[in-house]
Structures are given as structure tokens and as C-alpha cells.
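**Student:** Attaching a predicted model along with its sequence, questions to come.
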Amino acid sequence: MTMTENAHAGSGAGSADRGGPRTGRRQMLAGAAALGATALAAGAVTATPAAAASGPRTFAAGRPILFRGATVVTMDPRRGVLHDTDVLVHGTDIQAVGKHLPAPHGTTVVDTAGALLLPGFVNTHQHMWQAALRGVGADWTLAQYYNTIIMKWGSLFRPQDIYAANYMAMVESVNDGVTTTMDFSHGLFTPEHADAAVDALFAVPGRARFGYSSLAPDLGWVYDGRVDRMLKERFASSDQLVTMQLAFDMYALTDDARRALKHTRDLGLPLSTHAGLYGFVGDDNIRFLQDNGALSPTTTLVHAATLSDDSYRRIADGGAYISLSAESELNAGQGYPPSGKAREFGIPISLSQDTVIWWSADMFSAMRATLSADRGLAHLQAHQAGKSLSSNALRAQDVLEYATIGGARTLGLDRLIGSITPGKRADLVLLGRSSPAMSVVNNPAGHIVFQAGRGDVDTVLVNGRVLKHRGTLVGVDLQRARHQVQQSLEYLRSKIPAKEWQQAMGE
Ligand SMILES: [Zn+2]
């Protein structure tokens, strides 16, 4: 059944007769029965469709929220999948996970009987600044992307274009259940561009990691005071939804790169870098990172395809992470998605979606592409050896881990997010049951990976705050995002010769 909400209210949430057209009285009564006596006796408030439209009233700050009777896919190895289970959110945190939890006074109870509740997705590599150019490069290779975006169009972006794109990308993430996104922000030429990127990340109440980066040909910006200034002014506290790291690539392994790596280490900042890109960066970079003490658990290697076994061994020894972007690697040609190599050498994996130039922030797609690439290669190799596989090595549960707790570990945030564990922040995604594909759930992890999609993302919480409910964004301004990004696109189109624009999509 769909997420049924009881219209009876202890206080302030309206009456059953005001339930609105989407929920019939019979459904409400069924919902009331499903709630059980505990919640109602405790003076709980239940969410109504009308109240959902004015979400902040029902899901008021400080009011506990109780998800009642869900199939909770915790991604916590000690808990696993819990059927017919309640999750209580209080303040910013997951306070309790269990059966028939009592609802504290004033709790908003959401009947989630049979629906899937999981931790929010974590996307560990997204170039958010490119959101206005969505879909332009659907048919590109990596070389076409590089020659068009990096070498030409990237320099056209003003600070307000960076802001508009980041704002839209944050809204998209929240809407799609991606509660944390690492913004590999390599469109930043000036401190004003960097401020605009950060302003937008803070303007939308999702969780983000600002990956300070630049398209500048050298890495002087890392150690010339710009990064220090940003850290001091905007990231003095780590107790905020947006945190900071560095994100830069090393095409020339020079003293400039050494200095940038040293400054990263001196500041104690994590680093993400594109690694293992066929024809761009390869094994030399892995050795360079290791020689400079930068192949560590605070380093994320994006793609990490096309590398030798020796490099994978070094990565594993150093404890670095791989951000695997299977749709990107398969379409653009950085190299084959290295999930098999990562497993062989014991390297932890997270997933990412790279850029909306081709794809969107769809982590369901990321999980499917990863499984398909891994299994497809394994079957092909078996057939070439005249054999058939009797079972698939990579499981749905594995890629769901990569997309949730794996991402949290990659960003060093697993103490706070990545699983439904009491004491962690309430970054949650509830998948609704209205689509035919969600009508029966036999295999929760497999269902999330292969049956569900972004359209099923019914409710999203970040840091205990409801940002989407019943499929509608709450306190997140999609109209503003649209307006800004359309204006930005208009400006960029005015600067790009029409022929160049047409050619870009026709190539
Ligand atoms: Zn990338």
C-alpha cells in the first residue's frame, strides 16, 4: 500500500474531514488502525496530505517524527533489514529503531507500513557547476567533454552561473534522495567563483562536501592563501551540513603538484583526484601520490580505471578509496569500471554520477550500472573461457552499501551518516509504494537496486529535517532553482556560438 497517513490529530493537524482529495476517509481510518493505540494515546500528531503541503507546520522543528512499520534497510551490519519496524527521529538524530516504539508527546507519526526506509544516498563525485548544461554531452566521449567544457566553455562561467548550477544540483540531489553530495567544483577561477559555489551549497538544506577545485592550469591556488581563507571564513566549524575538502588533478607531476599535496596535508583536508583515466592520468600518478604521502584513507581516487595491479596494490596498502562512476566510465571511456579490481585488492568503493553533462544525480542508475558492468564482464570472461558462471559475485546488497555507508566512509562521515543507526544523523529516504513495481517487496536490497527509481522517492530527511514528503519538496525552492539555471543557460548560450552549440550535440 501507499504510505497511509492518519488524519486524526492530537493537536493542530486538522480533522479527517479536511483530509483533501488524495486520501479517502476509509484509507484514513485504515491508517488509524495501522497506527495502533500507543501513538494516539501519547498525543501524537499524524501527518495529513493538507499538512504535508505546508510541511513545516506538521514537521515542525523539534517535533519528533516516528516512521511506523517500515521495512527498514538499515545498512548497519549489526541490524541488517528489519521488517515491520519503527524509526524515531528527534531533533537532528535517529533516536531509536525498533518494534512498537512509543511516540513521545507531540510526535508526528507517519504510517510507513511495508514501505522501504533506507539511509540517504551519498554521491562522492559530482561536478555541480555544470548543471545548466544538462544533457548536452549525452553522446560525447571523454575527449569531447575535455575539449568542449574544460578547454572552452568552462571559462565562460561567472560566479552567478556557478551559484545557479550548484543550487539546482543541490535541489536535484535532495529530490532524488541523495542526502550528501561531494561537489568536485573544478569550475572555480576566482575567489568570487568559490564563494558563489559555497553560498549555493549552504542555501539548500541538503548535506554537501565542498571540493574546492579550479580549472586553472597550475595548482598555485591550493597554496597561495585562497584555500586557507575559505577554510577560515566558511568552514571554521565542522558541525555544519556543508564541510570542505580539496579536489584537484595532477596532469604534470612537478614541484607545483608536490607543494599542493603538502599544503593539503598540512591543512588536514581530504583530497579527491581523478585517477586512472586512459590517456590522461595513469600509474605514474598513483606512485606520485604514494611518494608524497597522499595515498591515504583521506584520499579518494575518482574512476581509478585503467591501472596496473601494482597501482591497485599501492592504493589498497595506502587505504585510499575509489569513487566509481560506472555510467561515466562506460560511456566516456576513462576505463572499465574497476569494481572487480577493487574487490580483488580489498579497496573500499563508493559511487558517483560525475556530471549532468551526460547523466543526472540518479544513484539508482549508479547502482545498476555498477552491477551490470561487473556482472557483464564476469560473464564475458567466463564465456571466453568456455564456461558459464553459476552465481554472480557482486550482489545488490554490495552496491547498495557502496551508495550509502560506502559513500559516508569515503567522505569520512560514517560516524554521522550512511546507516540507520540510533545516534546517527537522520538522513533518510522513504520509498513510496504507489507505483506497480513497488507493490510487493520480496528482496529489499534487490528491490531498491533493480525495481525502485527516483520517482519512488517519497520522503527525504536531512539532519532530521523533512525536505520532501509525499513526493513534494518541502522548504526547498525548485522554482527559484529553475529560474536561476534558466537565466544562467541563457547567458551561456549568448556566449557560445550557435554553430558550436549545435555541433556539440551533433558530434
Ligand atoms: Zn569527474
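**Tutor:** Alright, I've got the coordinates. Computed from a prediction, not measured in an experiment: that's the story for all the values here.

**Student:** if you go through the stretch 151-300 of the chain in chain order, where are the strands?
**Tutor:** 178-185, 207-212, 242-247, 271-275, 299-303 (DSSP state E, counting those that start in this stretch).

**Student:** so of these, which one's packed in deepest?
**Tutor:** Most buried of the strands of the stretch 151-300 of the chain by mean neighbour count (mean count of other Cβ atoms under 10 Å) is strand 178-185; its value is a mean of 30. No exception for glycine: its C-beta is placed from N, CA and C like everyone else's.

**Student:** Dump it to PDB, restricted to CA.
**Tutor:** The C-alpha trace of strand 178-185 is given here as PDB (Å, rounded to 0.1, in the frame of the first residue of the first chain):
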ATOM      1  CA  VAL A 178      20.900  11.900  -2.400                       C
ATOM      2  CA  THR A 179      21.300  13.400   1.000                       C
ATOM      3  CA  THR A 180      25.000  14.000   0.700                       C
ATOM      4  CA  THR A 181      26.900  15.100  -2.400                       C
ATOM      5  CA  MET A 182      30.600  15.700  -2.800                       C
ATOM      6  CA  ASP A 183      30.800  18.700  -5.200                       C
ATOM      7  CA  PHE A 184      34.100  18.400  -7.200                       C
ATOM      8  CA  SER A 185      33.900  22.100  -8.000                       C
END
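
**Student:** Also compute the angle for it relative to strand 242-247, please.
**Tutor:** Per axes from the mean of the first three to the mean of the last three Cα atoms, to 10 degrees, the angle that strand 178-185 makes with strand 242-247 is 40 degrees.

**Student:** Indicate each strand paired with strand 178-185 and its parallel or antiparallel sense.
**Tutor:** Strand 178-185 pairs in its sheet with strand 121-126 (parallel), strand 207-212 (parallel), by DSSP bridges.

**Student:** of those strands, which approaches V440 most closely?
**Tutor:** Nearest of the strands paired with strand 178-185 to V440, taken as Cβ to Cβ: strand 121-126 at 23.3 Å.

**Student:** same for the helix or strand following that closest one, what does it pack against?
**Tutor:** Once the chain leaves strand 121-126, the next helix or strand it forms, by DSSP states H and E, is helix 142-145. If you count contacts as 3 or more Cβ pairs under 8 Å, 6 or more residues apart in numbering; DSSP states H and E, helix 142-145 packs onto no helix or strand.

**Student:** in helix 142-145, what's buried?
**Tutor:** Neighbour-count burial for helix 142-145, with 16 or more other Cβ atoms under 10 Å as criterion, is recorded at 142, 144-145.

**Student:** what do you get for stretch 98-105?
**Tutor:** 101, 103-104.

**Student:** Do me a favour and average the pLDDT over it.
**Tutor:** The pLDDT scores in stretch 98-105 average 96.

**Student:** what does stretch 109-127 give?
**Tutor:** Mean predicted confidence for stretch 109-127 is 97.

**Student:** Only alpha carbons, please: show that stretch as PDB.
**Tutor:** Output of stretch 109-127 as PDB, limited to C-alpha atoms (Å, rounded to 0.1, in the frame of the first residue of the first chain):
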ATOM      1  CA  VAL A 109       3.600   9.700  13.200                       C
ATOM      2  CA  VAL A 110       4.000   8.600   9.600                       C
ATOM      3  CA  ASP A 111       2.400   5.300   8.700                       C
ATOM      4  CA  THR A 112       5.000   3.500   6.500                       C
ATOM      5  CA  ALA A 113       3.700   0.000   6.700                       C
ATOM      6  CA  GLY A 114       5.600  -2.100   4.300                       C
ATOM      7  CA  ALA A 115       7.400   0.800   2.700                       C
ATOM      8  CA  LEU A 116      11.200   0.800   2.300                       C
ATOM      9  CA  LEU A 117      13.100   3.100   4.600                       C
ATOM     10  CA  LEU A 118      16.800   3.500   3.900                       C
ATOM     11  CA  PRO A 119      19.700   5.800   4.700                       C
ATOM     12  CA  GLY A 120      20.100   8.700   2.200                       C
ATOM     13  CA  PHE A 121      22.400   8.100  -0.800                       C
ATOM     14  CA  VAL A 122      25.900   9.600  -0.800                       C
ATOM     15  CA  ASN A 123      27.200  10.700  -4.200                       C
ATOM     16  CA  THR A 124      31.000  11.000  -3.800                       C
ATOM     17  CA  HIS A 125      31.800  12.900  -7.000                       C
ATOM     18  CA  GLN A 126      29.600  15.400  -8.900                       C
ATOM     19  CA  HIS A 127      30.700  18.500 -10.800                       C
END
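
**Student:** And V460, which helix or strand is it part of?
**Tutor:** Going by DSSP H and E, V460 is in strand 457-462.

**Student:** now that strand, how far from the centre of its chain.
**Tutor:** Relative to the centre of its chain, strand 457-462 is centred 13 Å away, using Cα atoms, centre = their mean, to the nearest Å.

**Student:** Quick check: what element follows that strand along the chain?
**Tutor:** As assigned by DSSP H and E, the chain's next helix or strand after strand 457-462 is strand 465-469.

**Student:** hmm, who's touching that next one?
**Tutor:** 47, 52, 55, 59, 61, 65, 92, 174-175, 205-206, 457-461, 473-476 (Cβ atoms under 8 Å, 6 or more residues apart in numbering).

**Student:** filter those residues to the buried ones?
**Tutor:** 47, 52, 55, 59, 65, 92, 174-175, 206, 457-461, 473-474, 476.

**Student:** how far does stretch 115-125 sit from the chain's center?
**Tutor:** Here the centre of stretch 115-125 is set off from its chain's centre by 7 Å, with Cα atoms, centre = their mean.

**Student:** Ignore what I typed, I meant stretch 160-168.
**Tutor:** 17 Å.

**Student:** can you give me the mean pLDDT across it?
**Tutor:** Regarding stretch 160-168, the rounded mean pLDDT is 98.

**Student:** Stretch 136-144 now?
**Tutor:** Across stretch 136-144, the average pLDDT comes to 95.

**Student:** Work out for me the element R343 sits within.
**Tutor:** Taking DSSP H and E as the definition, R343 sits inside helix 339-345.

**Student:** Off-centre distance for that helix?
**Tutor:** With Cα atoms, centre = their mean, you get 22 Å for helix 339-345.

**Student:** With stretch 162-182 instead?
**Tutor:** Relative to the centre of its chain, stretch 162-182 is centred 8 Å away, using Cα atoms, centre = their mean.

**Student:** So that it lines up with my notes, have the first residue be 7 from now on.
**Tutor:** Sounds good: first residue 7 from here, last item stretch 168-188.

**Student:** and the closest residue to Y327 other than its chain neighbours, what does it touch?
**Tutor:** Leaving aside its chain neighbours, Y327 sits nearest to T416 (4.4 Å; criterion: Cβ to Cβ, 6 or more residues apart in numbering). T416 is in contact with 128, 130, 188, 306, 327, 329, 354, 356, counting by Cβ under 8 Å, 6+ apart.

**Student:** domain parsing for the protein?
**Tutor:** Using automatic domain parsing, the domain parsing of the chain gives 22-126+425-482, 127-416.

**Student:** closest one to E506 among the ones you listed?
**Tutor:** Nearest of the domains of the chain (Cβ to Cβ): domain 127-416, 7.8 Å.

**Student:** Who is the nearest residue to V287 once chain neighbours are set aside paired with across the strands?
**Tutor:** Nearest residue to V287, sequence neighbours excluded (Cβ to Cβ, 6+ apart): A281, at 6.0 Å. For A281, the beta-bridge partners under DSSP bridges are H309.

**Student:** With that, I have no additional questions.
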